[in-house]
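**Student:** Have a look; sequence and predicted model below, questions after that.
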Amino acid sequence: MPSCAFTPAAFGLAPKGKPFDPSLSYITSPFFSARVLGFIRLTLGIYALVTIVVDLVLSKTVDNDANQWFSYFTHLSYIGLCAYFFASGVQSFVYGRYGTYPLRHWPTFLQFLHIWLYTTVATFSFIVTVVFWVLLSGPSTFQSPFYSWANISMHAMNSGHALFEILLTNAPLPPWLYMPLCVLLLAGYLGIAYITYANQHFYTYAFLDPKKEGPRLAAYIVGIAVGECIVYAIVYGIIFLRLKLTRKYSSLPASANDNSEEYKESLSEWQQMSRPSV
C-alpha cells in the first residue's frame, strides 16, 4: 500500500485553484456516452428506490415492523447505494448536456462526501452479500415471492450495482484513506445495533448477541472489519486492471473548459432550469 500524506490529493480532491476530477472520471464511461451512463445510473437508482419503498411499506402493512427497518445495515447501505446512483446519474446527464457537471464547482466537503459514498457502494455491497448468504440466509429467505425478490434485490443485485460502477465506468482508484473511514462506518453501525437492542429489545443480526455467541462475537466483528479491508484492496486491484485495459482506448478530454463563455452560459441555463418555480 503506498504511503500518503493527509493532503487533498490523498483524498482524491483537487489542490486549491485546480479543478476537481480533471479527467472527468466520476461521470464518464469507456463504453457509454455520458448521457447513456446517466440513464443507466438513474435506472438503477430508480430500481433501488422502488425496492426501498415497497419493502418499507410492506414491512409496515404486512409484518408490522417498519419501526425496525432503519436499524438494519442492509437497508442503510442500500439507501446509500440508491442515493449514489441518483447523484452520479444526474451529474452524468448534466455533463452530457453542458460539458461539465455541478459537483466540480460545489464545496470541497461535498466532493469528499461523494467520493466516500462511492467507496461505500463499491465495498459495502459485497460485505452485505457475503455476510447475508454465509451467515444469515435460511429457509425463510425464499418463503414467498416478495421475500425472494427483496432478498435478491438487496443481497445480490446490490453487488451487481457495485460491479457496474467498478467495471463499466471510468471511476478512478479509490483513495486508500477512505478505507479506514469505511471501517469507521462499520464500527459506528455497531452502536446503532446495540442502541436498537436497548430500545427495542432485539438484535438486528443474531451474531451480535453476546450471550449467544460469546467469544465468537469478537471474531465476527474483527472478521467483518478485516473483510472490508480485503474487499477494498480487491476492488482497488480490479479498478487498477480496468484502467490499464481501457486507458489506451479512452478519448476523455483532459478537463472541461470551465472558463469558456459557452460553459458559463450553459451553467447559468442549467441553474435556471433546476431552480424550482414558485
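**Tutor:** Received it, and whenever you're ready, just let me know what you need.
**Student:** for the protein, which helix is longest?
**Tutor:** Ranked by number of residues, the top helix in the chain under DSSP state H is helix 216-247.
**Student:** gap between residue 142 and residue 109?
**Tutor:** Distance, residue 142 to residue 109, using Cβ to Cβ, to the nearest Å: 43 Å. Backbone N, C-alpha and C define where each C-beta goes, glycine included.
**Student:** How about residue 153?
**Tutor:** Distance from residue 153 to residue 109, by Cβ to Cβ: 32 Å.
**Student:** quick one: which of those two has more around it?
**Tutor:** Legend: neighbour count by other Cβ atoms under 10 Å for residue 153 and residue 109, higher for residue 153 (20 against 9).
**Student:** need the contact list for the more buried one.
**Tutor:** By Cβ atoms under 8 Å, 6 or more residues apart in numbering, the contact set of residue 153 is 47-48, 51.
**Student:** let's see it at 7 Å
**Tutor:** residue 51 (Cβ atoms under 7 Å, 6 or more residues apart in numbering).
**Student:** and if you look at residue 239?
**Tutor:** 166, 171, 173.
**Student:** Would you reformat the residues you listed as CSV and include pLDDT and distance to residue 207?
**Tutor:** Shown next, in CSV, are the contacts of residue 239 (pLDDT from 0 to 100; distance: Cβ to Cβ, whole Å):
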residue, pLDDT, distance to residue 207
166, 97, 28
171, 94, 32
173, 95, 33
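**Student:** Would you list the buried entries among those?
**Tutor:** Neighbour-count burial (16 or more other Cβ atoms under 10 Å) is assigned, among these, to 166, 171.
**Student:** and the contacts of residue 239, which of them are in strands?
**Tutor:** Using DSSP state E, no member of those falls in strands.
**Student:** possible to save the contacts of residue 239 as a markdown table with distance to residue 15?
**Tutor:** Below are those laid out as a markdown table (distance: Cβ to Cβ, whole Å):
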| residue | distance to residue 15 |
| --- | --- |
| 166 | 27 |
| 171 | 21 |
| 173 | 18 |
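**Student:** just the contacts of residue 239 now: which is nearest residue 91?
**Tutor:** Residue 91 lies nearest to residue 171 out of those, by Cβ to Cβ, at 11.9 Å.
**Student:** Could you list which residues are in contact with the closest one?
**Tutor:** 25-26, 118, 165, 239.
**Student:** Name the member of these that has the highest neighbour count.
**Tutor:** residue 26 (25 neighbours).
**Student:** could I have stretch 101-120 exported to CSV, CA atoms only?
**Tutor:** Listed next in CSV are the C-alpha coordinates belonging to stretch 101-120 (Å, rounded to 0.1, in the frame of the first residue of the first chain):
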residue,chain,number,x,y,z
TYR,A,101,-21.0,18.9,-14.0
PRO,A,102,-22.1,20.8,-10.9
LEU,A,103,-20.1,18.7,-8.4
ARG,A,104,-16.9,20.2,-9.8
HIS,A,105,-18.0,23.6,-8.6
TRP,A,106,-19.5,22.6,-5.3
PRO,A,107,-17.7,22.9,-1.9
THR,A,108,-14.8,20.6,-1.4
PHE,A,109,-16.7,18.9,1.5
LEU,A,110,-19.4,17.7,-0.8
GLN,A,111,-16.8,16.4,-3.2
PHE,A,112,-15.3,14.5,-0.3
LEU,A,113,-18.7,13.0,0.7
HIS,A,114,-19.3,12.0,-2.9
ILE,A,115,-16.1,10.0,-3.1
TRP,A,116,-16.7,8.5,0.3
LEU,A,117,-20.2,7.4,-0.7
TYR,A,118,-18.7,5.9,-3.9
THR,A,119,-16.2,3.8,-1.8
THR,A,120,-19.1,2.6,0.4
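**Student:** Now do that stretch, average pLDDT.
**Tutor:** Mean pLDDT, computed over stretch 101-120, is 95.
**Student:** what's next to it, contact-wise?
**Tutor:** 11-13, 19-21, 27, 77, 80, 83-84, 87, 91, 94-95, 171, 174, 178, 181-182, 185.
**Student:** May I see the PyMOL selection of the buried members of those residues?
**Tutor:** In PyMOL, a selection of the buried entries from the contacts of stretch 101-120 looks like this (16+ other Cβ under 10 Å):
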select buried, resi 11+12+13+20+21+27+77+80+84+87+91+94+95+171+174+178+182+185
